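The sequence and its predicted three-dimensional model are supplied below.
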Amino acid sequence: MQVRMENLTKHFGATRAVQDFTVTLNDGELVCLLGPSGCGKSTVLNMLSGIVPVTSGKIYFDGEDVTNLPPEQRGIGLVFQNYALYPHMTVMGNITFPLEIQKVPPREREARAREMAELVHMGGLLARKPRELSGGQQQRVAIARALVKNPRLLLLDEPLSNLDARLRLEMREEIRRIQQETRVTTIFVTHDQEEAMSISDHIVLMKDGYLQQHAAPQELYNQPVNQFVADFLGNPPINNFEGVLRGGCFVMADGAQVCLPGFQGQKEGQEVRLAVRAESFVPETVPAPERLDSRVDSVYQMGKEEMAVLSFGGTPFRAYISSDYGLKPGDRVHLGLRNRGVFVFDLNTGERYL
Amino acid sequence: MRPPERQRPFVPRRAGPRRVVVHIVLFALLGALAMGLGLYGRDRLISKAAQLESGLLVDALLDGATARVRALLVADDAPQTLSRAVDTGISSKKRLLKEEIARLVGEDAPNADIARLAADTLAQGALARAGEEDRPALQAQYEAGAAEAASSLAEAADQLERGFSLGQVRLNLVVTEPYYPLMYYYAPLLALGAFLLAFALALGTAYLRGDVEKRARVGQRLEPMDYLLPFFLGVLVFTLYPMVRVVIMSFQERYRLDGSFLGWGLGNYEYVLKGIPGTTNYFLQGLSNTVLYVLYTVPLATALAIVIAYLLNQKLRLSALFQTGYFLPMVTSVTAVGLVWRWIFNRNFGVLNAILGWFGIAPVNWLHAASNSMLVMVIFGVWSSLPFTIILLLSGLQNIDETYYTVARVDGARATRIFRRITVPLLAPTISLVLIINSISAFKVFTEVKVLFGGYPGPVLNMFTMVYYIYDMMYEYRELGRAAAAAIVLFVFILAFTMLQRWIQRRWRYE
């Protein structure tokens, strides 16, 4: 099902949770609503489910205006961070409850619940009570319960936050698998960029109630529209240098500079931030204007690569460098920049120039 | 890898050992004081009893000797002059003889000797007053019967003394002069003293045997107990001791406030359970009234409270106003409110009959018809137990995670289904708690009766409850032992009922 939100706005009193939010999500995709805490992503989810009424704007499911439809008529499956499994019902009871409400005959109810339980690999534990299950198993049951009534849209509100790191990885893949098998349009709210990058078809990145960027994960990573997007994605976080553009070169406060090809004569004197991902440095032996003349502060072994902490123009930064180079603390190294993962943003507005 | 954390060296706090010493001294002093008070009380009690007993014994010996000597010397057909002479003679010896007997009883002389001496002395006095001509005959008469009279008197005295040692005469020890009030409490005092001394001794041993570290550790372990002590003392004096005392008292027949009682036994229970044959057994009446009251009030109040709490939990306008309104009965006195309810139930001027009148129902004699008594009680009982029940259930409701409702609502469940399938099962632990608390307090129903029926247990003594019976025994009849026995029976009932309830509810709960 295609989901379209037009100029969606939500105010809680004076708080503006969501502002002028317009986005279209394609049928059958798994889309992540990503953003820091308090950015309005859960509010968007609640408006989609109908729990929270919108202040203004429209929501369309497959072109049908559902803005004022009550939650139960929207065909939505909901999964919460705390799973919200009814503690007094068995797994079977939990999964069949939505069907019970829809007055599906008991026999069919059970058959469909069994099918769902198989899908989430919980077929053997139908007689258990939720408290007898692990966190990951509870999450599987919650997903089965949300899916059993064949919703048009599956909404997952930070579904992995209550799990430990290992289970989180496993459940992340499970959610992806289940989504792939059912092809149900899924919206997944999270504040974990890594989670979002790894499972989603598209990511909707939000900040302070505003949409920042809506794109496929790789595009978001490689072509961030502004400083916030570049900062939010990537581990380790992107390296930022503050300086001024002079004659096509980036000049820092202490005079350290690096020339950026294709920037000649543009934005002369503009205060900018040069942002470079850790993997976008190439070590060279010979100095050149377009290379960063940096000093190695420390080196960490990380498998076949090394993570070096260096400084350039007084600003420390991190770079992945092949261990073949054998860098040692105190070395001077000239780092060239790759084409990918190098951006220039306006220092004040965060607008991207390169 | 971090190196394993080294054991931190134990740093004894300076306060530790000192605290131990303070405790030893304090407990030893308090223990000695309690022991002293207890021993002194025991001594006083025994000497008081002995004093009264010896007084009785002296009187018995003197009176017995007088009667016997007179019977020996004066025949039924004897002339009046003789009998008068004998009486005067006996009287002349009495005062000195009494002192002599008291001295001998104090010296613990055998009763046979005292009896003989008393008889001889009195006979002497009587003979001295008799005429010269009568004397030899009287002398012979006396000597013939003296031995037998003395031995019968001695036996009677012995019997009396055996009675004393069995404690049966304690009932008659009416102490009127100023006396030592703690003497009846010597046993708990001795026990307390022994406990304190033993504790002090144990602490002392630990202190003397242990090194600095041990002393400090003991002191630090004492510290939390010190903070508990004031509260514990209150509990001990006002809760634990009375509890134990009631159990003991229930086995003491004809127990009276001065501490005296007739003897040990099950008589109190027998009286409470059987009553006086041929009359109404008010305890059994109270028992059946109480059980019915519990069975009517508790389910009704709980069911109503669930509905009201559920409605109050909705975020409605004016809900604060409603909440205040519903909790009003809790902050008002049962007595004051009960008086208001008396007006409500009033036959001629009551609000209830007025409202019923609108529907064409004739005035009901709520308060003065025995058949309506239970209904009146149940209405009042439900009304007054609602607020606390609602508070508990509201807090239970507020503990239910909002997401359960959200998920159910998104799945299309309507309010009634959510209430029935989610709210009530999740509230089950609270409901079970409420049922238990309400049953216990309903078992203790008393003020309601007292206030509603103008200080009587129902219009025709038909609304006794278990606690009313206890009250009646205690304050109207001053039968403390029977009141205690009734209280124990009530306790057993509440215990059994609560356990039954828990057993039923255990199958119903999910955790």
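On my side now, so go ahead.

Every contact and neighbour count from this point should use C-alpha atoms.
Fine.

How about the residues of the stretch 1-150 of chain B by chain A?
Within the stretch 1-150 of chain B, no position is adjacent to chain A by CA under 8 Å from any CA of the partner chain.

where exactly do the strands run in the stretch 1-150 of chain B?
In the stretch 1-150 of chain B, no segments count as strands under DSSP state E, counting those that start in this stretch.

what do you get for the stretch 151-300 of chain A?
For the stretch 151-300 of chain A, the strands defined by DSSP E, counting those that start in this stretch cover A:153-157, A:185-190, A:202-207, A:210-215, A:239-246, A:249-251, A:257-259, A:271-276, A:281-284, A:292-302.

The second one - which strands sit beside it in the sheet, and in what orientation?
Each strand that strand A:185-190 pairs with, and the sense of that pairing, follows from DSSP bridges: strand A:30-34 (parallel), strand A:153-157 (parallel).

Buried residues of the last one, list them for me.
Judged by neighbour count using 16 or more other CA atoms under 10 Å in any protein chain shown, the buried positions of strand A:153-157 are A:Leu153, A:Leu154, A:Leu155, A:Leu156, A:Asp157.

now the first one, which residues is it bridged with?
So the one you mean is A:Leu153. When assigned by DSSP bridges, A:Leu153 has beta-bridge partners A:Ile76, A:Thr185.

OK, contacts around it?
A:Met1, A:Gly75, A:Ile76, A:Gly77, A:Val184, A:Thr185, A:Thr186, A:Ile187 (CA atoms under 8 Å, 6 or more residues apart in numbering or on different chains).

right, so of the strands paired with strand A:185-190, which gets closest to B:Thr416?
Proximity to B:Thr416 (CA to CA) singles out strand A:153-157 among these, at 25.5 Å.

chain center to the closest one: distance?
Centre-to-centre, strand A:153-157 and its host chain are 15 Å apart (CA atoms, centre = their mean, to the nearest Å).

what do you get for stretch A:97-113?
35 Å.

Same check on stretch A:35-43?
Counting by CA atoms, centre = their mean, stretch A:35-43 comes out at 11 Å from the chain centroid.

in it, what counts as buried?
For stretch A:35-43, by 16+ other CA under 10 Å, it's A:Gly35, A:Pro36, A:Cys39, A:Gly40, A:Lys41, A:Ser42, A:Thr43.

Which residues of chain B lie near chain A?
Residues of chain B lying near chain A (CA under 8 Å from any CA): B:401, B:403-404, B:406-413, B:422, B:425-426, B:509-510.

Quick one: buried ones out of these?
B:403-404, B:406-413, B:422, B:425-426.

rewinding a little: between the strands of the stretch 151-300 of chain A, which one is closest to B:Lys94.
strand A:153-157 (108.0 Å).

Put the alpha carbons of the closest one into CSV.
Coordinates of each C-alpha in strand A:153-157 appear next as CSV, following Å, rounded to 0.1, in the frame of the first residue of the first chain:
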residue,chain,number,x,y,z
LEU,A,153,0.4,-1.2,7.0
LEU,A,154,2.7,-2.5,9.7
LEU,A,155,4.0,0.1,12.2
LEU,A,156,6.9,-0.7,14.4
ASP,A,157,7.7,1.8,17.2
